[in-house]
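Trainee: Sequence first, predicted model second:
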2 protein chains.
Amino acid sequence: MSEHLIEKTISTKEVFKGRVIDLVVEEVKLPNGNKSTREIVRHPGAVAVIAITPENKIVMVEQYRKPLGRTLVEIPAGKLEMGEEPEVTARRELEEETGYTCSDLRPLISFYTSPGFADEIVHLFIAENLEKLENPAELDEDEFLDIKEVTLEEAEEMVRNKHIYDAKTAYAVQYLLLNKR
Amino acid sequence: MSEHLIEKTISTKEVFKGRVIDLVVEEVKLPNGNKSTREIVRHPGAVAVIAITPENKIVMVEQYRKPLGRTLVEIPAGKLEMGEEPEVTARRELEEETGYTCSDLRPLISFYTSPGFADEIVHLFIAENLEKLENPAELDEDEFLDIKEVTLEEAEEMVRNKHIYDAKTAYAVQYLLLNKR
């Protein structure tokens, strides 16, 4: 850690506690001794899953994203429940959102999505050897989505035409291009 | 657009208006007619720049990220000013954060970083033919950072050891691996 860059917390004000996110405003002491404020969104963290079918297609879900006022096509993803291991969340979200389970689930990378204002981290997994569940778990009661299975070439086209338009899914498409098998 | 997935806004409550982000809570009508709430962070949008030096190194900046309580190594980035074209922001942030300007600046891709709870979009550029400015512009008064020029191999190692740990920079490293020249 580069000590000379650290911002020390002077005070923390809780502005909002929600179902998904909390918001705090911190007064901080900057490295030069001056004061500033930081607006910080607290998020429980999330997982995302690159799921590859036996036909070598990528499982995508299309859902309405209220912050954007439009649907996006994304790899399956979901929030961590309190105290849950990311691998458990990844398998649960894969099963709930796609109706597939898998015998091979591996962590690929984790990354912060918006480090300037939020602590959200996404743990990215790859799921292979998928099998359709006979009795898939139900979606959350406020979750509605369409499932799409696409080839890598179709996914690339969806990036170009902005149906795929989020960081984790764009990363996933690049990952598959780099690691073709 | 897939009409059957749309969530209609019933009411919007402004919870917080900040320097960087705003927070609203919307009551929505779900596709099945039920009601739910959505917590939404409004953000002005941002740019990020993959900057390649004449020595074929990538310019990175290390800065303290208060939401995470640690420093991250990232590609240069910054928020859009009101009404500003992303290309203008990209050149300004490159100059302020790195002291370089460039004669070749191209848009690569744009993506939403956290579509579940925020409308932040990042416009990613690549800057080549860099030249050191004799009198670089000053950083914002609450901005402190270290500049690092790294090879692509060093950047890959920084992903592995979690010095690079954010989505846009992980994407940038993959982009350069896919498009080696």
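Mentor: Done, it's in.
Trainee: close enough to count as contact, A:A118 and B:A118?
Mentor: Yes. Applying Cβ atoms under 8 Å, one finds A:A118 in contact with B:A118, separated by 7.0 Å. No exception for glycine: its C-beta is placed from N, CA and C like everyone else's.
Trainee: Overlap in contacts, those two.
Mentor: Counting by Cβ atoms under 8 Å, 6 or more residues apart in numbering or on different chains, the contacts common to A:A118 and B:A118 are A:41, B:41.
Trainee: which residues does the nearest residue to A:K168 once chain neighbours are set aside form a beta bridge with?
Mentor: Distances taken as Cβ to Cβ, 6 or more residues apart in numbering or on different chains place A:A48 nearest to A:K168, at 4.7 Å, with adjacent residues excluded. Beta bridges link A:A48 to A:A77, A:L124 when assigned by DSSP bridges.
Trainee: For A:A48, give its distance to chain B.
Mentor: 10 Å (Cβ to the nearest Cβ, to the nearest Å).
Trainee: cool, A:L130 as well?
Mentor: The value you get for A:L130 to chain B, if Cβ to the nearest Cβ is used, is 24 Å.
Trainee: so that residue bridges to which residues?
Mentor: Under DSSP bridges, the beta-bridge partners of A:L130 are A:C102.
Trainee: What about A:K168? Give its phi and psi, please.
Mentor: Main-chain dihedrals, A:K168, degrees, to the nearest 10: phi -70, psi -40.
Trainee: swap that for A:V122, sorry
Mentor: Residue torsions, per degrees, to the nearest 10, at A:V122 are phi -110, psi 130.
Trainee: thinking it is in contact with A:V49, fair?
Mentor: No. Assessed by Cβ under 8 Å, A:V122 is found out of contact with A:V49, at 10.6 Å.
Trainee: Mind listing the shared neighbours of those two?
Mentor: Joint contacts of A:V122 and A:V49 (Cβ under 8 Å, 6+ apart) are A:A77.
Trainee: Compare neighbour counts for the two and give me the winner.
Mentor: Taking neighbours as other Cβ atoms under 10 Å in any protein chain shown, A:V122 and A:V49 compare with A:V49 leading, 28 against 22.
Trainee: Tell me how many other residues crowd A:A51.
Mentor: Neighbours around A:A51, by other Cβ under 10 Å: 28.
Trainee: That one: which element?
Mentor: Following DSSP states H and E, one finds A:A51 within strand A:46-51.
Trainee: got the contact list for that strand?
Mentor: By Cβ under 8 Å, 6+ apart, strand A:46-51 touches A:58-59, A:74-80, A:86, A:89-90, A:93-94, A:98, A:100, A:102, A:105, A:108, A:120-127, A:130, A:168-169, A:172, A:175-176, B:116.
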